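# test case, fold it:
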Amino acid sequence: MTVAQDLIGKAERREALFGIIGLGYVGLPLAVELARAGFRVLGYDVSKRVVEGLNAGRSHIKDISDAALQEAIAGGRFEATVDPARLAEPDAISICVPTPLSKYKDPDVSYIVAATEAVRATLRRGQAIILESTTYPGTTREIMLPALESTGLKVGEDFFLAFSPERVDPGNPVYQTRNTPKVVGGITEACSRVCAALYAPAIDTLVPVSSTEAAELVKLLENTFRSVNIGLVNEMAIVCEKLGVDVWEVIEAAATKPFGFMKFTPGPGLGGHCIPIDPHYLAWKMRGLNYKTRFIDIAGEVNSEMPLFWVRQAIEALNRHSKSMRGSRVLVLGVAYKKDIDDIRESPALDIIRLLEQQGAKVSYHDPHVAHFREDEHEYRSTALTPESVAESDCVLIVTDHTAIDYDLIRDRARLVVDTRNALRRRR
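As a prediction, the model looks like this:
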């Protein structure tokens, strides 16, 4: 029996031990789903606080309840560790670490490199390594493969290496880890077969592709598609504002076309870890190949300018009421990057708050899911949404449309509303 056949057999019998590097928004939901499928899972994270909390049955990820985590622990199917030496134990290791951008918007793959080094230090014959972190095409083959083969083990024979992009949508009530189709591309055909077999018990639909590069590009295409189309509709919002036309009316009418149109809506800018960041990975890679990704660059410019556009809308609205932004009290509704979650990564609300304060505004915020956050050495705390807090504000600026927000109160008591999400109209 070959090493590949042995590992596939372990997967089918649920005898494989899974390792997860990085127990955040991607890693923890994957770990719980694998445990539900019958695998034993060893989670590894560099944060002692996170590991201790998880082993005590406390989830720090909103999409994973304490009860779901505790069920996995009670069944002996999940534990977490901060000891990298234990990475020798798993038969399969999924790497789910952050991939941010540098201040120059170049890829920062330091977390992937660190995870790869941790795996290399304990790599043994019969292990499968799967990178899930979004990155530029070529990362798996160019960074991970040489490091892992430096151990003397051969890919596709002794160990198996693949890329399978995460597709996590925090707060989505319909699509979670199990029922979201999962793309898998291996360095070799054996790598693809082994990694698909490992994921098959926990994922409803697997989508094999021919290479790691193809799998890496799948995730970048998905989010570049969204970035470009959001950029288009954001520019349309600016066009409509200059023409004195209601952009929401135009969008709703266009969306009645049963073919050839997909509805996107404007807003205050891009947020979350994926859409504001992923297209830059592709743009960076192409610059090295002497090609300029024009759509990506233009969409990025438009989307990054939206916080300033909405701040200017607030300034003009106050001017129409004979008030200056300097000294005005502005209540920002919602700082999470999307509704009904607690995630503020890359949230345009943070840019809006910063721009408002630069204009001299006295800014407060309310978010039912974000009690406090720290930005630029300043601690912010959510204020209560009351008739008094609304009436005392010179302007209410709606950034995130949380369903828990009382929009009737805003409509009845606010002096002035700047609504980036069309929330008031949609809640009538």
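# which elements pack onto the host helix or strand of A237?
Secondary structure assignment for A237, by DSSP states H and E: helix 212-243. Here helix 212-243 touches strand 160-163, strand 182-186, helix 247-254, helix 278-287, helix 294-320, going by 3 or more C-beta pairs under 8 Å, 6 or more residues apart in numbering; DSSP states H and E. The C-beta positions use only the backbone N, C-alpha and C, and glycine is treated the same way.
# the longest one packs against which elements?
Meaning helix 294-320. helix 212-243, helix 278-287, helix 348-358, strand 395-398, strand 417-419.
# tell me the buried residues in it?
296, 299-300, 302-303, 306-307, 309-311, 313-315, 317-318 (16 or more other C-beta atoms under 10 Å).
# let me see the contact set for the residue positioned nearest the centre of the chain.
In the chain, the centroid-proximal residue (C-alpha atoms, centre = their mean) is H273; its distance is 3.8 Å. Applying C-beta atoms under 8 Å, 6 or more residues apart in numbering, we find H273 in contact with Y25, P98, T134, R345, E346.
# next one: the closest residue to A121 other than its chain neighbours from K339, what distance?
Closest residue in space to A121, ignoring its immediate chain neighbours: P84 at 6.9 Å, by C-beta to C-beta, 6 or more residues apart in numbering. Distance, P84 to K339, using C-beta to C-beta, to the nearest Å: 38 Å.
# separation between the residue nearest to P387 when sequence neighbours are not counted and S393?
Distances taken as C-beta to C-beta, 6+ apart put R413 closest to P387, at 5.2 Å, once the chain neighbours are dropped. Noted for R413: a distance of 9 Å to S393, by C-beta to C-beta.
# for those two, indicate the residue with more neighbours.
S393 (24 against 17; other C-beta atoms under 10 Å).
# can you tell me the element the more buried one falls in?
S393 belongs to no helix or strand, assigned by DSSP H and E.
# so S364 sits against T383, correct?
Yes. Using C-beta atoms under 8 Å, S364 is in contact with T383, at 4.7 Å.
# sorry, back to before: quick check: angle from the helix holding A237 to helix 247-254?
120 degrees (axes from the mean of the first three to the mean of the last three C-alpha atoms, to 10 degrees).
# how many residues are close by the nearest residue to E33 once chain neighbours are set aside?
Closest residue to E33 apart from its sequence neighbours, by C-beta to C-beta, 6+ apart: T177 at 4.3 Å. Neighbourhood size, T177 [other C-beta under 10 Å]: 23.
# also P387?
A count of nearby residues for P387, using other C-beta under 10 Å, gives 11.
# now swap in A68 and tell me
So A68, with other C-beta under 10 Å, has 18 neighbours.
# what distance do you get for it to E216?
When A68 is compared with E216 (using C-beta to C-beta), they lie 30 Å apart.
# which parts of the protein are strands?
17-21, 40-44, 78-81, 92-95, 128-131, 160-163, 182-186, 206-208, 329-333, 362-366, 372-375, 378-381, 395-398, 417-419 (DSSP state E).
# circling back: name the nearest of the contacts of H273 relative to E252.
Taking C-beta to C-beta as the measure, E252 lies nearest E346 of the contacts of H273, at 27.8 Å.
# got a list of what the residue nearest to the closest one when sequence neighbours are not counted touches?
Sequence neighbours aside, P276 is the residue nearest to E346 in space, at 4.5 Å (criterion: C-beta to C-beta, 6+ apart). By C-beta under 8 Å, 6+ apart, the contact set of P276 is S227, G269, L270, N303, E346.
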